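>>> Just the structure for this:
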Amino acid sequence: MKTINQESVSEVTRKGACLAFFDAYSDLDTARMIGLATADATVHFQPLGNDGKGTFWEFGKAVWQLLIDCFPNLDNTVDTLTAEGDTVLCRVAIYGTQEKEFMGLVSKGKTFNSDHVFVFQFDNADRITHLNINWDHTDFVRQLS
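Next up, the predicted model:
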């Protein structure tokens with residue numbers, strides 16, 4: 001296991017970029033979120049299968065904007081960050097109260113709190129090139145139903 005002293009400068013910088021992403025997410029600022037990625041970066045919202053794959057700047061931004069629109073108090077808590085080479089794994093709690101229909105889920109004004117795993121991949125300039133996001137979608141739907 002690496003200690004902070006053994007981490008490379010890029011690993012520390014990449015962790016900082018992840019924290020900046022989640023800070024922008026808390027501020028509901030999709031422009032700052034996507035601005036951390038390369039122009040050709042991709043994203044995969046894993047529980048959505050192939051329908052959850054797309055470009056970071058267009059598809060990712062659209063999904064995050066929809067979440068923010070439907071859950072206007074959306075927020076997150078970063079639990080852990082683990083860097084290894086060009087990859088940073090983040091365990092994050094995402095939570096909010098639904099105010100509008102979201103992907104077929106009618107709003108009942110309920111709150112969700114869902115553990116997510118974000119796996120960021122970076123290029124040599126420490127910019128996000130891919131983001132894989134996973135969560136228990138069945139539990140997410142249960143909390144809002």
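>>> how many neighbours does residue 57 have?
18 (other C-beta atoms under 10 Å). C-beta coordinates here come from the backbone N, C-alpha and C atoms, glycine included.
>>> Then residue 36?
Residue 36, neighbours per other C-beta under 10 Å, totals 19.
>>> Now do the contacts for it.
Counting by C-beta atoms under 8 Å, 6 or more residues apart in numbering, residue 36 touches 17, 20-21, 24, 127-128.
>>> Distance of it relative to residue 113?
For residue 36, the distance to residue 113 equals 25 Å [C-beta to C-beta, to the nearest Å].
>>> how distant is the longest helix along the chain from the center of its chain?
Ranked by residue count, the top helix of the chain under DSSP state H comes out as helix 9-26. How far helix 9-26 lies from its chain's middle: 11 Å, per C-alpha atoms, centre = their mean, to the nearest Å.
>>> residue boundaries of the strands in this protein?
Applying DSSP state E to the chain gives strands spanning 37-45, 53-55, 75-84, 87-97, 111-122, 128-135.
>>> quick check: angle from the last one to strand 87-97?
Following axes from the mean of the first three to the mean of the last three C-alpha atoms, to 10 degrees, one obtains 50 degrees for the angle between strand 128-135 and strand 87-97.
>>> Against which helices or strands is strand 128-135 packed?
When contacts are defined as 3 or more C-beta pairs under 8 Å, 6 or more residues apart in numbering; DSSP states H and E, strand 128-135 packs onto strand 37-45, strand 111-122.
>>> between those, which one is nearest to residue 71?
Proximity to residue 71, assessed across those by C-beta to C-beta, is greatest for strand 111-122 (7.9 Å).
>>> Send me that closest one as CSV with only the CA atoms.
Taking Å, rounded to 0.1, in the frame of the first residue of the first chain, the C-alpha atoms of strand 111-122 are listed here in CSV:
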residue,chain,number,x,y,z
THR,A,111,-35.0,11.5,-0.9
PHE,A,112,-32.3,9.0,-2.0
ASN,A,113,-28.9,8.3,-0.6
SER,A,114,-26.9,6.0,-2.8
ASP,A,115,-23.3,4.8,-2.7
HIS,A,116,-21.5,5.2,-6.0
VAL,A,117,-18.2,4.0,-7.3
PHE,A,118,-16.5,6.5,-9.8
VAL,A,119,-13.5,5.2,-11.7
PHE,A,120,-11.6,8.1,-13.4
GLN,A,121,-9.0,7.5,-16.0
PHE,A,122,-6.5,10.3,-16.9
